[in-house]
Structures are given as C-alpha cells and as structure tokens.
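Colleague: my questions concern the predicted model and sequence given below.
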Amino acid sequence: MVGWVDTIVQGVLLGGLYALYATGLSVIFGIMRLVNLAHGDVMVLSAFLVLVLSTAGINVIAAAAMVAPLMFVLGYVLQSLVLNRTLGRDVLPPLLITFGLSIILQNALLELFSADSRRLHVGALDTASLALGGGIAVGIMPLICFLVAIAVIVALNLLFFRTTLGRAFRATSDDVETAQLMGIDNRVIYAIAMGIAFLICTLAGVFLGARANFDPSIGPARLIYAFEAVIIGGLGSLWGTLAGGIVVGLAQTIGAHINPEWQILAGHLAFLGVLVVRPRGLFPRAVD
Amino acid sequence: MALLETHDLTAFYGHFQALYGISLTLQAGETVAIIGANGAGKTTFLKTVVGLIKAQPSAVQFAGEAIGSRRAADIVRRGIALVPEGRRLFPSLSVEENLLVGGYVSRHSGPWGLERVYQLFPALAERRDAPATALSGGQQQMVAIGRGLMSNPRLLLCDEISLGLAPIVIRDIYAVLPGVKAQGTSLLIVEQDIIRALSVADRVYCFQEGRVTLSGHPQDLTKDSIHAAYFGV
C-alpha cells in the first residue's frame, strides 16, 4: 500500500515537471494558435546555457536568473523577426519554421556540446529529501519543481487577468483584428508571449537538467510530454495544463510501478484515453 | 483643414475591387452618415480608413497626415476608433474589461473614461463583471460604443450600430450620439436605416457598388434623389 501511495506522490510531482514543460507551449497556443515544434529544444538550449555558466563556477540558480532574461529576448526576437512574418490563415508556415528551428538547435547543440549526456548539479539539493512519514519521502528538487510550476501558473494568471497587458493578450487571443482596432499591436503582443514562453523554458530546462541527464537530442521527446499535458488539460487552459501534466506523470509512475517497461507507454495510453473520453481535454476554454 | 479626407480611394479584396475612387471629407465636429444597400462598400470604406485594408498612403488623410498605409493599431493611436459591425466584443472579457481594453492606447486625454461611459450607459454599470457576450444585443452595442469612446478618439466610426436591434433600443442608442458629439468627438456613421441616418447627420454620402452616387446636406436631398442613388434606378 505504501508503495502505491509513494507512486502517486511521485507521479504528481513528476506532473509538475511536465506542466512546466507544457506551460510555455500552452501560452503560445492560447494567444496566437501557434504550435512551436522547437519548444523541447528551446528547453534543452536553456539547460545547456545554464550548464555553461554553472561549469564556469556560477551557482545553478544564479545561472538560471542570468539565462532567463536572455531567453526572453531570444524569444521576442525570434517572434518579431521570423515567426510574425509567417502568421496568417495558414498554420503550415509557422509549423515548418519551428520544425526547422528544432533541427537547427539540435545540430548546433550537438556540434557545440557533443552527444554526451550532461547533468545540472544543484549541490546538496540533488539528493535531499523530505520525509512525509509512513515510509514515504519526496525529493526536495521534485517538490521545488512542482511548487515552481504552480507559482508560474499563478503568476501567469495574475498577468492575464489583473493587468493591462494581460487583457491585451486575451483580447488578441479572442479576435486579433478587433484587438488591433483597440490600438493593440498584435506583433508586439505575440513577441512578448514568445518571450514569456522562452523564459518559462529556462525554468523547465533547469529542472529537466537537474532531475535527469540531458543531451542535444532529447528535446522532441520532452515536447511530446508537453503536448500531451496541454491537450489533456484543454488547449489554452493553464490550470488544465497542470492537471494534464499530473495525469501524464501519474500514468507514467503507475505504469512503471506495475512494470518498469510500461512507464512511457502508460503515459501515452492515458493521453489517448483522455482524448477518447474528452476530445477537447479536461478543462477546455469556453471560447475557441 | 478637414479632420478626415479621402482622395480617389480604392480598395481591393484580393483581385476584387470593392471601392472605386471614393472622395469624402469630414470636418471636425461634424456628423457624417454613409448610406447604401448591402454590398455598397460602406464597411469596406470604414475598414480602409482604420487600416484593416491597405490603401494608397495619401488616399486617406487624418488631420493632415497621410494614414492610408498605416496599420490599424497606429491609426487608433492617432485618434480614430471604430465600432465594428456585429459589435465584435471580446467573449472571454467581462463588460468592464472590454471597456478597459478600449482604452489600451489612452494617449489622448479627453472626457471619456470608465465612469463617464457608465454615466452614458447606466445599464452597463450594473453588469460590469458579466461576460460581455452574456448581455442583450442592445447592451452589447452599448459596450461596443463605450469601448470605442474609451480611447478618447477625435473621430468615432460607427458601422451599422442599429443592425439587429429592436426599434426602441435603436432609439436609445442613437439618443446618446449628440452627447458624444458635444464632447468633441466627430462621427462617421454607416447605416442602412436611411431615416435614422438623415436624422443625426450634418452631411450624407450615398454609396452604391463602391462609388459615391450622392452627397449633400440632408435637408437638400430629395426623397427621389436618395432613392435613385441608393438603388441605382
């Protein structure tokens, strides 16, 4: 029995990591209906940038704080200079651009860092755990990751529902043409949204690198988990994305508990199961 | 100098030409109405003025500045607001949020703010937290007009604001327009309801198949001339 409770607790915490993977994707899709196929690779890029700084002796958290604004600018510039030119009625051009970006990032990282597996080390936190009693303990890093995922979603909700910029995001998401009639420049809104998504990718990249090994090729696999979390949660819903991440995380840990070979498969089966029962996800937006 | 002036304005949807050499002027403080049947090019004209459809740069002049090739967001910042046909409220925003987003570019100081709009449309104040699309059609039109005013525009473009509304609601909506004009906002109204348009306008233009077929002061236009210009018979 303790084993099952432990499995569920670990699954929920793993869901926090997947939610972090997915939140940026959800923001981008929610605001501009753009699917960024390079999202996983951007997380890996962030992890490598943090690795470079931490290898130079900078604490991982301080390195992340330095990389995050850089990633925001990178996302802003990418959207402004490249992706804004492809947005229109046809969804294919931006999809192809991000697919190409994914290949470029993977190969550039491979060229710069080789195919070796790396790991971000956060000192004592790497192995620290918190005993919950009853023979169950949770790792401090997974717990921090889960709390950060919640904090990110709370912050994004505050941004979207309590600020002028947030209203502009939601208005642009609802009706981009009418939003322009309010004086909202959709190109700037999209660029800020992409910047925010890249900033969240930095956080996701840090936890990706701190929880497991990473190499230049693992981005697409993480992208699939992110997609599953977003779609299970309901496109464009941030809390839904957290729920989606938890569903995938739970399914994987439960699958692994039954048979270690089933871990990944169980996550995908849960995704398909939710799609069959609720094709629009668990918490679809009222307006799509 | 006219507040708004178009010279030989043409507009296209792809290869389809929707406007043929429209020349129109609107002086500051004026209310000008554009009447015409469905497909006459009235909405296209407004969309071109606000930059949703690109025109030749100098074909549209606002306060002496060529704005024909500017983007809609830039034009709104210069002091033109559009109340679009069908209201186009933001469904995920509440009534108050719809109004606030209308003031996103509040670079123009002026009389219009949240409380002033609520004074103009008291019914909205009671439902400020409701989703905008949960309101009745008339109340939604009030939100659309209030949202347009929130940027304190020098020129408010109103596209078919009576469309789909009950006569008593249309009367209430039109009753507020003189108050808007009195605050210094010029009005360009597109309307299929000829009598309603003539009752508020200082000058009228009639469009037919993308061309101006008649213009003048309402009192100078005869019923027959309007009939001929409107229907082309």
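Modeller: Here it is on my side, so go on.
Colleague: chain center to stretch A:48-63, what's the gap?
Modeller: 20 Å (C-alpha atoms, centre = their mean, to the nearest Å).
Colleague: pull out the buried positions in it.
Modeller: A:Phe48, A:Leu49, A:Val50, A:Leu51, A:Leu53, A:Ser54, A:Val60, A:Ala63 (16 or more other C-beta atoms under 10 Å in any protein chain shown). C-betas here are computed from N, CA, C, even on glycine.
Colleague: from those, which is closest to B:Leu46?
Modeller: Of all the buried residues of stretch A:48-63, A:Leu49 has the smallest distance to B:Leu46: 48.7 Å, by C-beta to C-beta.
Colleague: for that closest one, which non-adjacent residue is closest in space?
Modeller: In space, and not counting its chain neighbours, A:Leu49 is closest to A:Val67: 4.6 Å by C-beta to C-beta, 6 or more residues apart in numbering or on different chains.
Colleague: and stretch A:176-187, does that touch chain B?
Modeller: Yes: counting by C-beta under 8 Å from any C-beta of the partner chain, chain B is contacted by stretch A:176-187 at A:Glu177, A:Thr178, A:Ala179, A:Gln180, A:Leu181, A:Met182, A:Gly183, A:Ile184, A:Asp185, A:Asn186.
Colleague: mind checking which of those are in helices?
Modeller: Among these, the members falling in helices are A:Glu177, A:Thr178, A:Ala179, A:Gln180, A:Leu181, A:Asn186 (criterion: DSSP state H).
Colleague: among those, who's most crowded?
Modeller: Top of these by neighbour number is A:Leu181, holding 28 neighbours under the definition other C-beta atoms under 10 Å in any protein chain shown.
Colleague: wait, doesn't that residue sit right on B:Arg77?
Modeller: No: with contact defined as C-beta atoms under 8 Å, A:Leu181 and B:Arg77 do not form a contacting pair (11.5 Å).
Colleague: any idea of the mean pLDDT for stretch A:83-96?
Modeller: Stretch A:83-96 carries an average pLDDT of 89.
Colleague: buried ones in it, by neighbour count?
Modeller: Result for stretch A:83-96 [16+ other C-beta under 10 Å]: buried residues A:Leu83, A:Asn84, A:Thr86, A:Leu87, A:Pro94.
Colleague: which residues in chain B form helices?
Modeller: B:42-49, B:72-77, B:95-102, B:114-120, B:122-126, B:137-149, B:167-175, B:177-182, B:194-200, B:223-231.
Colleague: is any residue of the first one near chain A?
Modeller: No: under the criterion of C-beta under 8 Å from any C-beta, chain A is not reached by helix B:42-49; the shortest gap measures 9.2 Å.
Colleague: thinking B:Asn98 is in contact with B:Arg147, fair?
Modeller: Yes: with contact defined as C-beta under 8 Å, B:Asn98 reaches B:Arg147; the gap is 5.4 Å.
Colleague: which residues do the two both contact?
Modeller: B:Leu89 (C-beta atoms under 8 Å, 6 or more residues apart in numbering or on different chains).
Colleague: next to chain A, which bits of chain B? Give me the list.
Modeller: Residues of chain B lying near chain A (C-beta under 8 Å from any C-beta): B:50-52, B:71-73, B:76-77, B:81-82, B:84, B:88, B:90-93, B:97, B:100-102, B:104-105, B:147, B:151.
Colleague: count of neighbours near A:Ser114?
Modeller: Other residues near A:Ser114 number 11, with proximity taken as other C-beta under 10 Å.
Colleague: quick check: it vs A:Phe48, distance?
Modeller: Between A:Ser114 and A:Phe48 the computed distance is 11 Å (C-beta to C-beta, to the nearest Å).
Colleague: swap in B:Val83?
Modeller: Counting by C-beta to C-beta, the separation of B:Val83 from A:Phe48 is 51 Å.
Colleague: same question, B:Tyr230
Modeller: Relative to A:Phe48, B:Tyr230 is positioned 68 Å away (C-beta to C-beta).
Colleague: swap in B:Gly51?
Modeller: Going from B:Gly51 to A:Phe48 by C-beta to C-beta gives 43 Å.
Colleague: same question for A:Ile200.
Modeller: Distance, A:Ile200 to A:Phe48, by C-beta to C-beta: 17 Å.
Colleague: once you drop chain neighbours, what's closest to the residue of chain B found nearest chain A?
Modeller: Proximity of chain B to chain A (C-beta to the nearest C-beta) peaks at B:Val105, 3.2 Å away. Nearest residue to B:Val105, sequence neighbours excluded (C-beta to C-beta, 6+ apart): A:Gly183, at 3.2 Å.
Colleague: can you tell me the closest non-neighbouring residue to the residue of the stretch 1-150 of chain A found nearest chain B?
Modeller: Closest contact between the stretch 1-150 of chain A and chain B, by C-beta to the nearest C-beta, is at A:Gly30 (10.1 Å). Spatial nearest neighbour of A:Gly30, excluding adjacent residues (C-beta to C-beta, 6+ apart): A:Gly236 at 3.4 Å.
Colleague: one more: A:Ile28?
Modeller: Nearest non-adjacent residue to A:Ile28 (C-beta to C-beta, 6+ apart): A:Ala197, at 4.9 Å.
Colleague: residues in contact with B:Gln17?
Modeller: B:Thr10, B:Ala11, B:Gly210.
Colleague: which of those residues are buried?
Modeller: Among the contacts of B:Gln17, the ones that count as buried by 16+ other C-beta under 10 Å are B:Ala11, B:Gly210.
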